[in-house]
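Enquirer: with the input below, show me the fold.
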Amino acid sequence: MFGDTRYNFENFVDAINNPEQFIGEVNRIGVGINKRIHALSRRNSGTRVADEDWDNFVILDGCRYDMFEEQCPIDGELQQRRSLGSESWEFLRENFLGETHHDTVYVTANPHAPKLPEGTFYTTINLLEEGWSEEDQTVLPGTVVKEVLNAYDQYPNKRFIIHFMQPHYPFIGEHGKELTHRGLLHPDKSDSDTERQLWGSLGHGRLDIDNVWKAYRENLDIVFDHVTRLMEDLPGKYIITSDHGNLLGDRTRPLPFKGYGHPRGLDVPELRNVPWLIVESEKRRSVRAAQPIATDRPGSSVIDDRLSSLGYK
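Expert: This next block holds a predicted model:
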C-alpha cells in the first residue's frame, strides 16, 4: 500500500483540503478488503448460459437490473438471475472457458472476448478493429446489429450470442457526450492516475452522480432501440440479459463501503443480479453444430487500447 504513488505528501494535502477525495479513497480500500473476504468464501453459483434454451442471446454490457426493469420497452417474461461474474471477463471465463459451442456464433464488441481460446464457438466476429468508432471510443450498437444480420445471412443454422457494449461507458448519447467532453473521462493514455477514470472520478467527488445516472440511462435507451430493430429481422427465441451490473455508490458487504463500477470478484447483488428477459417465438431455428472456422483476432496492442478506452485499465 505504502509503495503506491498515490500516497504522497501532495495527495495527502489535497485530501485534507478535499474531504470527498479522502472518503473516496477510504471506500476504494474498503471495497478491496471486501473482495478479499469474498475470495475466501467464494461459491460461484449462478445461471449458466449454455444450459438455457435460446436462439439469440443478447448481452447488454454492464446493465443493472433496476435500470432494465424501469426502461425496457420489449415485451416478455422478465426474471432476475444471478450472473457468474461481476465483470465481463469473469462472466465469459465462468460460462465458456474450456468449453466448445460449435453451434454458436459470437458477435461481440467486448475487449475481453479475445481471451477465450480459438474454437470456443463456431466462429467469433470481433468488432474491436473494423467496428471501432474512434470518435465515440467504443463499438456503436448499430454496428453490432449490422454485423449480426450479415452473419445470419451466412450462418442461418447457428445460434447467436450478441454482445453489445452499451449501456457500459463510454456514454454515446447527447447528454453523455457532453459529460465526456468535460475532459474528466478520457485521461491521457500515459496517465496512470485511475482516479480520473469515470468510476474513480465519481467515487472521489469529481463528478455529479445525477449526471452520470442520466448518461448511463441514456446509453440503455439507445441500445434498446437497436435491440428492437434487430428483433424485427433476426428470428428466434431471445434471452436479453447482462453480464454484470454496476455500482454507483451502492454499499458493498460485509463492510459497508460505497462501491463504483464493477470490480472483479465482488459478490454484491447490484453486480451479480442481472435482468433475464425471455421473449418467445413461434419461429425457431434449426441449429446444427459444425467444425469451427477461423476467427480474426485483434492484436494485443488493439486489445489494450480498447480496454483502456472502455475504462478497464
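
Enquirer: need the contact list for Trp276.
Expert: Thr47, Leu78, Gln79, Gln80, Arg81, Ile239, Ile240, Thr241 (CB atoms under 8 Å, 6 or more residues apart in numbering). All C-beta spots, glycine's among them, are computed from the backbone N, C-alpha and C.

Enquirer: which members of the residues you listed are classed as buried?
Expert: By neighbour count, with 16 or more other CB atoms under 10 Å, these hold Thr47, Leu78, Arg81, Ile239, Ile240, Thr241 as buried.

Enquirer: can I get the contacts of Trp276 in JSON lines including pLDDT, secondary structure and distance to Val279?
Expert: Formatted as JSON lines, the contacts of Trp276 follow (pLDDT from 0 to 100; DSSP: H, G, I helix; E, B strand; the rest coil; distance: CB to CB, whole Å):
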{"residue": "Thr47", "pLDDT": "96", "secondary structure": "coil", "distance to Val279": "17"}
{"residue": "Leu78", "pLDDT": "98", "secondary structure": "strand", "distance to Val279": "10"}
{"residue": "Gln79", "pLDDT": "98", "secondary structure": "strand", "distance to Val279": "12"}
{"residue": "Gln80", "pLDDT": "98", "secondary structure": "strand", "distance to Val279": "16"}
{"residue": "Arg81", "pLDDT": "98", "secondary structure": "strand", "distance to Val279": "15"}
{"residue": "Ile239", "pLDDT": "98", "secondary structure": "strand", "distance to Val279": "8"}
{"residue": "Ile240", "pLDDT": "98", "secondary structure": "strand", "distance to Val279": "7"}
{"residue": "Thr241", "pLDDT": "98", "secondary structure": "strand", "distance to Val279": "11"}
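
Enquirer: for Leu230, state which of those is nearest.
Expert: Ile240 (10.2 Å; CB to CB).

Enquirer: tell me which of the buried ones among the contacts of Trp276 is nearest to Gln166?
Expert: Nearest to Gln166 out of the buried ones among the contacts of Trp276 is Ile240 (CB to CB; 12.7 Å).

Enquirer: what residues are up against the closest one?
Expert: By CB under 8 Å, 6+ apart, Ile240 lies in contact with Val58, Leu60, Cys72, Ile74, Gly76, Val227, Pro275, Trp276, Leu277, Val279.

Enquirer: make a ChimeraX selection of whichever of those residues turn out to be buried.
Expert: Listed next is the ChimeraX selection for buried residues among the contacts of Ile240, using 16+ other CB under 10 Å:
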select :58,60,72,227,275,276,277,279
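
Enquirer: so where's this structure shaky on pLDDT?
Expert: 1-19, 41-43, 180-196, 313 (pLDDT under 70).

Enquirer: geometric centre of it: which residue is closest?
Expert: Nearest to the geometric centre of the chain sits Asp61, at 3.2 Å (CA atoms, centre = their mean).
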